[in-house]
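S.K.: Structure of the sequence below:
(2 chains)
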Amino acid sequence: MSGTTSTPELASLLATKRVLVLCGPGGVGKTTTSAALGLAAARSGRKVLVLTIDPARRLADALGLPLSAPTPRAVPAERLAALGLDLGATSGSLEAWMLDPRVVFERVIRVLGTPEQTEKILNTTLFGHLSELAAGMLEYTAGEALYSFATEGRYDLIVLDTPPARNALDFLDAPERLSSFLEEGILKFFLPSEGSRFLAAAGKFVGGVFSRAFGDGFVSELQVFFGAFGGIFGGMRKHSDGVAALLGSDDAAFLLVTSPEEDARREAEVFRSELDRRNMPFAGFVLNRSLARLASWPHPSSFADSTPSLTSALGILAPIADEERREAECHAELLAELRAVAGERGFAVASPLLLDPGDALAGLVTLSRELVR
Amino acid sequence: MTLEALFTRRLLIVTGKGGTGKTVLSAALARLAAKRGKRVVACEVGRDPGVPCPLLGLLAPERRATLEPQDLGGGVSHALLRGEDGVREFLGEALPFRFMADRALKVDAVRRFIDAAPAFSEMGLLYRGMRLLDAKRRDGKPVHDVMILDAPASGHTLAFAALPDTIVKVFTAGPIAKAAKAGIAMLRDTSVTTSVVATLPEALPVSEALELEAGLRARSLHVGAIVANQVPRDPFSLHEREALERALPHEVLGRRELARISRAAVALERLDALAVPVLRVNTSTARGRALVDEACLNLDEALA
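M.R.: Got it, this is the predicted structure:
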């Protein structure tokens, strides 16, 4: 029925793809879904990395993730075993890493730059505050991290939890914005000695404006920072092309995570058509916190009882149950609409709202079992 | 804290994780402040006035957003804040001639640089906010007594609160450092600025609200209240609830609400441990303006 949660399409996705990209607005449970899907793939024997952006502390704790770690950490197998999930019996494993833009960017510069360049760049104040100063750092470094983990070949599957954005695919555009910040063309304006006389004059004007508004110190910082970047851009662009090729290939799949509180249908339509426009592989929709499966549950009035106190309590519960059924039916309808948007090539699943999520890791185990049986 | 105490502040930053009801709360606070005789400007952050603005949609759905405050009637104005307008305003005041700012912003490299750097755009927002609060009428009184800012999601608010410090570190001198210092002073003056944290009565959102509250305090931002939205009504006695939980199987309609009521009680208890007042807004099936009406009633009661 429309309330079902698991689908064979999702299971086959987890069994065959190398990269799964989860997009969606903030607050819909994207990180939880990423972790649950990662767990489901690990259960079926794959070596999985969940790359997350900003997990809630409780979820990070559940995954055994310290707030800042230079490399991925394995989700403690003994805690999973205690919950009845023995990864030791399969060849599967689950690791997680919380993206640290500065760690990733520093690695890129070390790999692509000469030792002198690296030292110069890392010593500018600008580098220390680059996340605040350059839009798209998070998205750019997420792509970089994906690129390096994917080329490393240590994992069968990488689940990428993208930064929350009003538009689910902002993630794909952000690196563009960053490269326009770091672009070589911009250098001409900050290094007035280069280029034609016209550019030199324009550069001098720009430099003057910046000095007046932002102070001399900042302009000389900018010059050191951009000046040291020569040659690194080419390498960065090559990586970006590699990421784009990977994301556009059959090895990758994009999922939209949404919830009944959002304008899920419209969001799904936009997501689907935007991916098509970019030639990116659409996989499906996950409707989170869905009550759809409750639609077939019995009404409490069928449990009429002779105890007077229970009878009165059941009476109070009846209208609440009616309301719940109406809501469940709405969610089931919404899921059917999402299926229609997904079409034949895609799917839509409802990730159930857990009645009693309990411990965060236990909740993830339950969710992974509901999503892939 | 009473609403009166909350509304003695001039800047109320409404924050919280996505999906916690920030925008409805912002609309309700704007209307409640106006009802108490304050001239309120309700602000949201955006890029393009042509795109529907959620806060304006709750206050006056028939209106189109404007960059300058527009009077919506009933003592409430609305403005869409954009970083770029603040940057232009700032450059215009920092440079000796306004035409220099206009010309600088016409240079592609400058525009791209400023567009790409969130710090500039955020600094622009702060600057724009300060200018709106500074605006005076002819009689010398402020045009707006209270600004309610429907802030983007919480991580962003924390970054925003930390921003002036970053600016001061990166730009050690010049007008931008001066403006950033003025921004820090405004945000940290507890008699001027306070924040209101929106959350939901569930374990995870409450943990996040507690983290956010600690984060705001660590950045010297005052937290005036935490508002728990969508709190379920509890029509049962404890005895009745226990009897139902014993008698009913797991998969029966209404079970979810029973579980939600118990979880809400546990979650709210954790909030009550804070030194910050916690206000409750009941769950509702209403949408849009009707939902704002209900939130106003609830908050009015909670703050009476």
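S.K.: Mind naming the longest strand for the chain?
M.R.: In the absence of a named chain, this looks at chain A. Ranked by residue count and defined by DSSP state E, the top strand of chain A is strand A:282-290.
S.K.: The intended chain is chain B.
M.R.: Looking across chain B with DSSP E, the single longest strand is strand B:223-231.
S.K.: Which elements pack onto it?
M.R.: Where contact means 3 or more CB pairs under 8 Å, 6 or more residues apart in numbering or on different chains; DSSP states H and E, strand B:223-231 is packed against helix B:3-6, helix B:22-35, strand B:193-199, helix B:203-218, helix B:255-272, strand B:278-282. From N, CA and C alone the C-beta is placed, and that goes for glycine too.
S.K.: so what strands line up beside that strand?
M.R.: Sheet pairing of strand B:223-231 (DSSP bridges) gives strand B:193-199 (parallel), strand B:278-282 (parallel).
S.K.: what's the most buried one of those?
M.R.: strand B:193-199 (a mean of 26; mean count of other CB atoms under 10 Å in any protein chain shown).
S.K.: when you compare where it runs with where helix B:203-218 runs, what's the angle?
M.R.: 170 degrees (axes from the mean of the first three to the mean of the last three CA atoms, to 10 degrees).
S.K.: what's the pLDDT at residue 37?
M.R.: By default, I'm working from chain A. On the pLDDT scale, A:Leu37 is placed at 95.
S.K.: let's do chain B instead
M.R.: Per-residue pLDDT puts B:Gly37 at 95.
S.K.: And for B:Leu212?
M.R.: 91.
S.K.: quick one, what contacts it?
M.R.: For B:Leu212, the residues meeting the contact criterion (CB atoms under 8 Å, 6 or more residues apart in numbering or on different chains) are B:Thr15, B:Gly16, B:Lys17, B:Ser154, B:Thr157, B:Leu158, B:Val197.
S.K.: Could you list which residues are in contact with the residue lying closest to B:Leu25 once chain neighbours are set aside?
M.R.: Spatial nearest neighbour of B:Leu25, excluding adjacent residues (CB to CB, 6 or more residues apart in numbering or on different chains): B:Ala198 at 5.1 Å. Contact analysis of B:Ala198 by CB under 8 Å, 6+ apart lists B:Val14, B:Thr15, B:Gly16, B:Thr20, B:Gly21, B:Lys22, B:Leu25, B:Ala209, B:Ile226, B:Val227, B:Asn229.
S.K.: Dig out what B:Ala198 forms beta bridges with.
M.R.: Note on B:Ala198: beta-bridge partners B:Val227, judged by DSSP bridges.
S.K.: So B:Ala79, which state does it fall into?
M.R.: strand (DSSP: H, G, I helix; E, B strand; the rest coil).
S.K.: I'd like the distance between it and A:Leu80.
M.R.: Using CB to CB, to the nearest Å, one gets 51 Å for the distance from B:Ala79 to A:Leu80.
S.K.: Kindly report the same for A:His129.
M.R.: Applying CB to CB to A:His129 and A:Leu80 gives a distance of 39 Å.
S.K.: what angle do whichever helix or strand B:Leu163 is part of and helix B:203-218 make?
M.R.: Assessed by DSSP states H and E, B:Leu163 sits inside helix B:154-170. Counting by the same axes, to 10 degrees, helix B:154-170 lies at 20 degrees to helix B:203-218.
S.K.: Could you pull up the mean pLDDT of helix B:154-170?
M.R.: Mean predicted confidence for helix B:154-170 is 73.
S.K.: Can you confirm whether it lies near chain A?
M.R.: Yes: Helix B:154-170 is in contact with chain A by CB under 8 Å from any CB of the partner chain, via B:Gly155, B:Ala159, B:Leu163, B:Thr166, B:Lys169, B:Val170.
S.K.: what helices or strands is that helix leaning on?
M.R.: On a contact count with 3+ CB pairs under 8 Å, 6+ apart, helix B:154-170 meets helix A:125-128, helix A:130-133, strand B:11-15, helix B:118-134, helix B:174-188, helix B:203-218.
S.K.: what does it rub up against?
M.R.: Residues outside helix B:154-170 that contact it (CB under 8 Å, 6+ apart) are A:54, A:125-126, A:129, A:132-133, A:218, A:221, B:13, B:15-17, B:119, B:122-123, B:125-126, B:151, B:176-177, B:180-181, B:183-184, B:187, B:195, B:197, B:208, B:212, B:215-216, B:219, B:221.
S.K.: make it 6 Å
M.R.: A:54, A:125, A:129, A:132, B:15-17, B:122-123, B:151, B:177, B:180, B:183-184, B:212, B:215, B:219, B:221 (CB atoms under 6 Å, 6 or more residues apart in numbering or on different chains).
S.K.: Just the buried subset of those residues, written out for PyMOL, thanks.
M.R.: Applying 16 or more other CB atoms under 10 Å in any protein chain shown to those, the buried members can be selected in PyMOL as follows:
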select buried, (chain A and resi 54+125+129+132) or (chain B and resi 15+16+17+122+123+151+177+180+183+184+212+215+219+221)
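S.K.: gap between A:Leu22 and A:Thr258?
M.R.: Distance from A:Leu22 to A:Thr258, by CB to CB: 11 Å.
S.K.: neighbour-wise, which of these two wins?
M.R.: With neighbours defined as other CB atoms under 10 Å in any protein chain shown, A:Leu22 and A:Thr258 compare such that A:Thr258 has more, 30 against 25.
S.K.: Which pLDDT value goes with the more buried one?
M.R.: What the model reports as pLDDT for A:Thr258 is 91.
S.K.: A:Ala268 too?
M.R.: 90.
S.K.: three-state assignment of it?
M.R.: helix.
S.K.: same question, A:Asn279
M.R.: Here A:Asn279 is recorded as coil under three-state DSSP.
S.K.: Can you get me a residue count around the spatially closest residue to it that is not a sequence neighbour?
M.R.: Of all residues not flanking A:Asn279 in the chain, A:Gly248 sits nearest, at 5.7 Å (CB to CB, 6+ apart). A:Gly248: 14 surrounding residues under other CB under 10 Å.
S.K.: Then A:Ala60?
M.R.: As a burial measure, A:Ala60 scores 19 neighbours (other CB under 10 Å).
S.K.: Alright, calling it a day.
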